[in-house]
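Enquirer: below: sequence and its predicted model.
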Amino acid sequence: MTVTGVRISGRGENQELVIEFTVSDLPPGECRQPYGAEWRRRFRPVDPEQYAAELTGEVQAWAIGHVRKFRPPEPIDRELVRQELPPRDELWGSLTAEFADVEAAPDRGFRGRSRFGSVLTIALTPEQWQEHVVSCEIGCRMDYGVDADGEGDGLLVAIDDLDETMATMDPDEDFVVFDGQTLVGSTRAELPPLPGTGSEREHEKVMRRIAEARNKNPDGISGWFAVNRDRRPNGLDDEER
């Protein structure tokens, strides 16, 4: 990689530092970094050498993404990735370690308290979890871009995927299942997954109460208000909120 130019793009707080580069036998590429006055005041390191080192890392990451964009990696051997990852039982241990009060589930998987405080049944087999980690690892190795995950990040990505699933589950969903491609919330351990309807019911309840409040006071001001324990929005009592 060869840096061929540096320029400022944009105006005001939208200014960017654009670093142009070339890689052998590929079209020119560029790395863009924030460079507005406020960003420089708050975030740019005072030490020029430190800033240069950090900027070099950013340019290298953009260049890697540039190369992968034009030179996609060869297909990855799934069995080879499986062999290179920790063994199945070790991966399973990494999963159960994310929960408290873990106990075996009657059918398959285990039941435990998540970091979000909810008690869930993770209705997976060790083999299913291993396959999910393998898929995440392959995705990491094929990813490209500045924020791309890299080789060896598959387990972390799989756990992040589980966290995202648990954080967005419907109130009726007490199970996490593997549908063959990803982890999803469900109201049962069996496949196919059965989504919950708790959020939908709660939304309908809120909309119904809003409609009732508007009918009761058609000349009042209606809208969405942030509510805390100490303050209430004007014009709405407990039944109308």
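Expert: On my side now, so go ahead.

Enquirer: next secondary structure after the helix or strand hosting Val134?
Expert: Secondary structure from DSSP states H and E places Val134 in helix 126-142. Elements were assigned by DSSP H and E; along the chain past helix 126-142, the next helix or strand is helix 154-167.

Enquirer: how far off centre is the helix holding Val134?
Expert: 16 Å (CA atoms, centre = their mean, to the nearest Å).

Enquirer: buried ones in it?
Expert: Neighbour-count burial for helix 126-142 flags 126, 128-141 (criterion: 16 or more other CB atoms under 10 Å). (Each C-beta comes from the backbone N, C-alpha and C, glycine too.)

Enquirer: check which helices and strands the longest helix seen in the chain sits against.
Expert: For the chain, the helix that runs over the most residues, judged by DSSP state H, is helix 48-70. Contact analysis of helix 48-70 by 3 or more CB pairs under 8 Å, 6 or more residues apart in numbering; DSSP states H and E lists strand 16-22, strand 29-34 as its packing neighbours.

Enquirer: name the residues that touch the helix or strand just after it?
Expert: With elements assigned by DSSP H and E, the helix or strand that comes after helix 48-70 is helix 78-84. Contacts with helix 78-84, where a contact means CB atoms under 8 Å, 6 or more residues apart in numbering, come from Gln130, Val134, Glu137, Ile138, Arg141, Gly154.

Enquirer: show me this structure divided up by domain.
Expert: The chain breaks down into these domains under automatic domain parsing: 2-70, 78-186.

Enquirer: starting at the chain centroid, how far to the shortest one?
Expert: In this view, domain 2-70 has its centroid 25 Å away from the chain centroid, taken as CA atoms, centre = their mean.

Enquirer: now do stretch 142-161
Expert: The chain centroid and the centroid of stretch 142-161 are separated by 11 Å under CA atoms, centre = their mean.

Enquirer: go through it and flag the buried ones.
Expert: Neighbour-count burial for stretch 142-161 flags Asp143, Tyr144, Ala148, Asp149, Asp153, Gly154, Leu155, Val157, Ala158, Ile159, Asp161 (criterion: 16+ other CB under 10 Å).
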